[in-house]
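Asker: Just a sequence and a predicted model for now, questions to come.
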Amino acid sequence: MDDLAQGVAELGRYQEMALTWIAAYGAQLVLAVLIILIGLWVGRRVRSLARAALAHRKVDPLLVEFLGNLVYWAIAVAVLLAAISRIGVDTTSFLAVVGSLGLAIGLAMKDNLSNVSSGVMLILLRPFTLGDYIEVAGVQGTVKSISLTATVLATADNQRILVPNAKVTGEIIRNATANDTRRIDLIVSIGYGDDMARAKAVVAEVLAREPRVLTDPAPQIAVAELADSSVNLVVRPWVRTADYWGTRFDLTEAIKAALDEAGISIPFPQREVHVITRN
């Protein structure tokens, strides 16, 4: 019974302490919660307005997203400090503790921080933007999004690839869609016994019939190599970037059909074998 009475008395003291704390700080706590809720709502509204204003000025979508999030988190931090100050916590001491904690976390997560800094560089320098088709870190794909830690690509067969931003900035970036026009590079092989001038004329006719091939710059058709089994011609027409793959596929088929119709061979690899007989 003594233990039970002691437990009840202890519980009573805790209840009294809780009621005293609520009486002293309850109003401030409620106000702090309201500050956080209203402040975060204001932050989201300001972020939406900032995004709309930047988009109206034709700012790059990646920069719009980054600046919008930056505005939101700046407001969120200010709101949190205001709420903490309202319940009587010294913000100077709080910031010192947060700073020390941030340093410890930073040392433990240096790789992630490297990705974050690289993400900021990508967003500010903009070597590519949403919708660009790039090759980086050994993978190719269309840029779907850039966060502070990773770049998201969609491959041609619709796989989703996340490339850490530090890898992106540390590798060579090849942007296939950065320019309005792009050159198609084809190799066309003909036999050594075929007429090179006739073959070039046939290929030129195919290019002239293709409306997607640009006249400026003019297509180039030239002998590139006298290979082991064939004479290799380079065929280099220019097209709009959006027309690249469709035109490449169609030209490959059309050139093959035109050479067949003209009687010009596309030889298989060949090897001459000399048989030496000994008596």
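Answerer: Nice, I can see it.

Asker: And residue 159, how close does it get to residue 214?
Answerer: Look at residue 159 and residue 214: by CB to CB, to the nearest Å, they are 32 Å apart. In this view, the C-beta of every residue, glycine as well, is placed from N, C-alpha and C.

Asker: more neighbours, these two?
Answerer: When residue 159 is set against residue 214 and neighbours are counted by other CB atoms under 10 Å, the residue ahead is residue 214, at 16 against 10.

Asker: which stretches of the chain have low pLDDT?
Answerer: 1-27, 59-60, 62-63, 86-111, 270-272, 279 (pLDDT under 70).

Asker: need the strands for it, in chain order.
Answerer: 133-136, 139-146, 150-154, 160-164, 174-175, 181-183, 186-190, 220-226, 231-236, 238-240 (DSSP state E).

Asker: want to try a markdown table for the ones you listed, with mean neighbour count and distance to residue 32 as columns?
Answerer: Output for these, formatted as a markdown table (neighbours: other CB atoms under 10 Å; distance: least, CB to CB, whole Å):
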| stretch | mean neighbour count | distance to residue 32 |
| --- | --- | --- |
| strand 133-136 | 20 | 46 |
| strand 139-146 | 18 | 35 |
| strand 150-154 | 20 | 35 |
| strand 160-164 | 16 | 38 |
| strand 174-175 | 14 | 48 |
| strand 181-183 | 16 | 58 |
| strand 186-190 | 19 | 69 |
| strand 220-226 | 13 | 71 |
| strand 231-236 | 18 | 68 |
| strand 238-240 | 18 | 58 |
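
Asker: okay, those in CSV with distance to residue 259 next?
Answerer: Converted to CSV, these look like this (distance: least, CB to CB, whole Å):
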stretch, distance to residue 259
strand 133-136, 31
strand 139-146, 31
strand 150-154, 37
strand 160-164, 39
strand 174-175, 31
strand 181-183, 21
strand 186-190, 7
strand 220-226, 13
strand 231-236, 10
strand 238-240, 21
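
Asker: Could you say which one of these comes nearest to residue 262?
Answerer: Closest of these to residue 262 is strand 186-190, at 10.2 Å (criterion: CB to CB).
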